[in-house]
Structure formats: structure tokens, C-alpha cells
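Engineer: got a predicted model here, sequence first, then my questions.
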Amino acid sequence: MSINFSGISNQTILGKILRFPLQFIPATTVMPILQGKLKGKKWIIKSGQHGAWLGSYEYEKQIIFQQIIKEGSIIYDLGSNSGFHTILASVLVGSQGKVVAFEPHPQNLHYLKQHLQLNHLENVIVIDKAVSDSSGVIQFDGSGFTGHISSQGELQVKTVSLDELIDTKQIPPPSFLKIDIEGAEMLALSGAKSMLSKIHPTILLATHGTEVHEQCCQFLNSLGYTLETIYGEDIQNSNEIIAYFNG
């Protein structure tokens, strides 16, 4: 049974006590993941939150991954970041499955590729582009952890649409999508309308902003998807959604 260390608030005495020793771990340290499905896999400390190597990073999402993802599946990870969920998906789909990881930020890409190499994962395709509604180049702003499309950004990254990649047979169509791309969710869904209408993959979606949230919900409902929340709130008050096709 895994312990959700990340769920212990840093505002509590216990949370402060548990977190105190973490500051003394050198940032370049490579740690074995402590627990869960990824127990023993290697993780670079400075690539993300301590919750990753503790095995409790985005704990609820890990549970959903394990419930939904089957061996041999094709998984897309939109917003792979340093690769925690990519690694988890890679393990779950096994040697017969594939994971396609999308990550445009150079810092994240560096750690993502290092994690794949450290853990000898060969069933992952890395695409160093942002997923949008079309191919092109956009401005990107923010650090590796919170990078997002922005006209004020100083970094230029390439974009691609999922429909284009699938139609040109560059990647196989997915059975499951994880989308967490800091506000560009509707752009990514729009660029995947053809695939979503035909293939109907299950989607784990994090939305960023009220307007984008409403647009995504309406769009997915129009394609026959049923929406549920991860934490039990009502759809309008949640930014973490699971979308199942119910056509």
C-alpha cells in the first residue's frame, strides 16, 4: 500500500517535519523511486518535486493510470514535463505498448530523455513540440515546470496537431490521453477533433482557467463524451476531468 506523502500539507507540523530533511539532498542526486508501481525506477531530484521519487506525485492520477491503462495500449502524454507519468505509462503498457510523450521545453526535454535512458525504457516516442490546433511556431513563456504558450514569451517552440501526426502515420492512434498543458487544452483538442470523433480515447484532462474549462467541457460533450471529476466536485468547480466516450 503506497503512502500519499504529497497529500500531507506543508502547513501542518507533520508536513514540516517530513519535508525538513529533503532540503539536504543534493539537487543532482539520482534517487530510486520509493514506492508504488514505479518502485526502484530512477529519478533525478532537481527535475521535479520530491513527491516524484517519494512515489506520491499526483497520487490520484497515478491510481487512475493504473485503473485505465492496459498492457499493449497506446498512450499520449501531452505535457510530459520531466516524465513521471510518461514513465508510469511506459511500465503499464509494457513491451507491446507505446507511449508518445509531447514536451516542448528544453529543460524538461533534457530530464525526460535522461529518465528514459536511466530506466532503460524503449517503448517511448518523444516529440519535442507543443500540441496545438496546427503546425507552426509559437512563443513560449515560463520555467520548465510552468511553461505555457504566451505572446510575451521569449522562447520559440514548434507546434503540431494530433490529427496531422496520425493522418500522416507518424504515430499510431491512442487509447488514452493525458493532457496537462497549462492553458492550451482547447487548442490541442481542436487539433485532434477528427481522431476524437473516430477513435474515442479516454482522456485525463487538466484545465487551466474558467473559460478554457468551459470550452473543453462543451467540446467534449458535443463529441459524445461523459465527464467526471477526479476529486468528486461538480464539473464546473473542478479542473481535473476524466472524459469517457459514451456514444
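Structural biologist: Yep, it's here. Residues are numbered from 1 along each chain as shown.
Engineer: check which element follows the host helix or strand of residue 91 along the chain.
Structural biologist: Assigned by DSSP states H and E, residue 91 belongs to helix 84-93. The helix or strand immediately downstream of helix 84-93 is strand 98-102, counting by DSSP H and E.
Engineer: now find how far off-centre that next one is within its chain.
Structural biologist: Put simply, strand 98-102 sits 10 Å off its chain's centre (C-alpha atoms, centre = their mean, to the nearest Å).
Engineer: just for this structure, where's the confidence low?
Structural biologist: 1, 143-151, 247 (pLDDT under 70).
Engineer: which stretches of it form helices?
Structural biologist: For the chain, applying DSSP state H gives helices covering 13-19, 50-54, 59-68, 84-93, 106-118, 162-167, 185-190, 193-199, 210-222.
Engineer: quick one: which of these is nearest residue 33?
Structural biologist: Of all the helices of the chain, helix 50-54 sits nearest to residue 33, with 5.4 Å by C-beta to C-beta. In this view, the C-beta of every residue, glycine as well, is placed from N, C-alpha and C.
Engineer: name the residues that touch the closest one?
Structural biologist: 5-6, 19, 22, 25, 31-35, 43, 45, 57-58, 82, 84 (C-beta atoms under 8 Å, 6 or more residues apart in numbering).
Engineer: recalculate using a threshold of 7 Å.
Structural biologist: Helix 50-54 has contacts (C-beta atoms under 7 Å, 6 or more residues apart in numbering) with 5-6, 22, 31, 33-34, 43, 45, 57, 84.
Engineer: ok, so of those, who is nearest residue 185?
Structural biologist: The closest of the contacts of helix 50-54, once distances to residue 185 are taken by C-beta to C-beta, is residue 84, at 19.3 Å.
Engineer: and the contacts of helix 50-54, which two are the farthest apart?
Structural biologist: 22 and 84 (16.8 Å).
Engineer: out of those two, which sits in the busier spot?
Structural biologist: Neighbour count, other C-beta atoms under 10 Å: between residue 22 and residue 84, residue 84 has more, with 27 against 12.
Engineer: so which of the contacts of helix 50-54 sit within strands?
Structural biologist: If you go by DSSP state E, the contacts of helix 50-54 have 31, 43 in strands.
Engineer: of all the contacts of helix 50-54, which comes closest to residue 180?
Structural biologist: Taking C-beta to C-beta as the measure, residue 180 sits nearest to residue 84 out of the contacts of helix 50-54, at 11.1 Å.
Engineer: which residues are in contact with residue 90?
Structural biologist: Residue 90 neighbours (C-beta under 7 Å, 6+ apart): 99, 121, 123-124.
Engineer: neighbour-wise, which of the residues you listed leads?
Structural biologist: Neighbour-wise, the contacts of residue 90 (other C-beta under 10 Å) top out at residue 99, 30 neighbours.
Engineer: if it is in a bridge, with which residues?
Structural biologist: residue 75, residue 124 (DSSP bridges).
Engineer: pretty sure it contacts residue 86?
Structural biologist: Yes. If you go by C-beta atoms under 7 Å, residue 99 and residue 86 touch, sitting 5.7 Å apart.
Engineer: so what sits against both of those two?
Structural biologist: 77, 124.
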